[in-house]
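K.L.:
Give me coordinates for this.
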Amino acid sequence: MRLAKIDRFIIYGFPSCPYCLSATKLLEESEHQYFFISLGKKSRALKEVKQAHGQETVPIVLAKYKDGDYKLVGGCSDLKDWLYLK
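P.N.:
Coordinates of the predicted model:
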């Protein structure tokens with residue numbers, strides 16, 4: 001299973017964002033490790049992270065694999081799909 005190969009998740013977002021909070025809650029409930037990287041709403045870092053990953057909204061969730069590779073998961077609903085495959 002691909003989740004077994006994941007070391008942790010990285011979440012870029014805002015502490016006050018309900019979708020960002022939902023993403024962290026999903027990871028806590030599923031007992032996955034994660035880092036939350038808080039970005040300013042008008043920061044240059046936010047703009048660069050959005051451009052780098054082709055995302056327009058937060059959270060921006062990445063999976064960090066044990067071999068060091070990273071993969072874009074997407075947003076909160078994408079993370080839910082990753083964790084609870086049908």
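K.L.:
And for stretch 79-86, what's in contact with it?
P.N.:
Here stretch 79-86 makes contact (Cβ atoms under 8 Å, 6 or more residues apart in numbering) with 3, 9, 23, 26, 27, 30, 32, 59, 61, 63, 73. For every residue, glycine as well, the C-beta is placed using N, CA and C.
K.L.:
Quick one: buried ones out of these?
P.N.:
9, 23, 26, 27, 32, 59, 61, 63, 73 (16 or more other Cβ atoms under 10 Å).
K.L.:
With residue 80 as the reference, measure out to residue 48.
P.N.:
According to Cβ to Cβ, to the nearest Å, residue 48 stands 26 Å off from residue 80.
K.L.:
Output the below-cut-off pLDDT ranges for the chain.
P.N.:
1-2, 85-86 (pLDDT under 70).
K.L.:
Could you pull out the strands in it for me?
P.N.:
6-13, 34-38, 60-65, 70-74 (DSSP state E).
K.L.:
quick one, longest helix in this structure?
P.N.:
helix 18-29 (DSSP state H).
K.L.:
Buried ones in that helix, by neighbour count?
P.N.:
Of the residues in helix 18-29, those buried (16+ other Cβ under 10 Å) are 20, 21, 22, 23, 24, 26, 27.
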